[in-house]
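Trainee: Sequence plus predicted model, see below.
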Amino acid sequence: MHTHMGLDARAFDQARVYGTVTVRPLTKADRTEWDRLWKGYLDFYETTLSKAQYDLTFARYLDPAEPMFAYLAEHEGKPRGLTHTILHRHGWMDAATCYLQDLYVDPDLRSTGMGRALIEHVSHVTKAAGGTRVYWMTHETNAVGRRLYDRVADRTGFIQYGKKL
């Protein structure tokens with residue numbers, strides 16, 4: 001059995017249907033659609049990355065040795081949303097925890113349940129693998145996302161700080 005930090009990595013290869021949304025793992029054939037969705041996410045946060053960083057990030061999600069996973073949400077057979085996750089150890093818990101790093105849905109499908117399906121999927125595969133926690137953060141100005149997050153999870157009260165090195 002292949003594991004990531006004691007979790008059963010096979011669980012992260014699952015696809016599931018949530019109403020009209022199918023959430024499935026990213027594949028090599030998804031590069032064009034992933035690029036489009038990733039660019040939309042980065043545009044939302046007014047960020048740009050080099051092509052080399054796009055290539056590196058995509059490769060990491062496909063590398064079975066990496067504790068990173070990516071999923072696409074399909075609506076009517078077309079990828080319209082994505083999420084990226086990172087597994088890591090936690091000093092307060094026995095099991096590895098899952099950081100839901102990125103979540104993006106095409107603007108015309110926001111508030112349709114696609115974001116919820118992506119979060120539910122990450123929660124499902126993390127629990128199936130033996131994990132006990134999924135967490136994420138968002139920018140304070142992300143009002144649409146925060147309405148969803150307030151319904152599906154608890155605010156922890158922690159404030160994030162960052163220091164560039």
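Mentor: The structure has been received and is ready for your questions. Here the structure is a predicted model, which means the values were calculated and not measured.

Trainee: biggest helix in this protein by residues?
Mentor: Criterion DSSP state H: the longest helix present in the chain is helix 114-129.

Trainee: For that helix, which residues meet the burial criterion?
Mentor: Along helix 114-129, the positions that meet the burial threshold by neighbour count (16 or more other C-beta atoms under 10 Å) are 114-126, 129. C-beta coordinates here come from the backbone N, C-alpha and C atoms, glycine included.

Trainee: cool, and stretch 31-49?
Mentor: In terms of neighbour count (16+ other C-beta under 10 Å), stretch 31-49 has its buried residues at 33-34, 37-38, 40-42.

Trainee: for stretch 98-109, same thing?
Mentor: Of the residues in stretch 98-109, those with enough neighbours to count as buried (16+ other C-beta under 10 Å) are 98-100, 102-106.

Trainee: Looking at these, which are in strands?
Mentor: For the buried residues of stretch 98-109, membership in strands holds for 98-100, 102-105, with DSSP state E as the criterion.

Trainee: Once you drop chain neighbours, what's closest to Asp13?
Mentor: In space, Asp13 comes closest to Pro25 once its chain neighbours are excluded; the distance is 5.7 Å by C-beta to C-beta, 6 or more residues apart in numbering.
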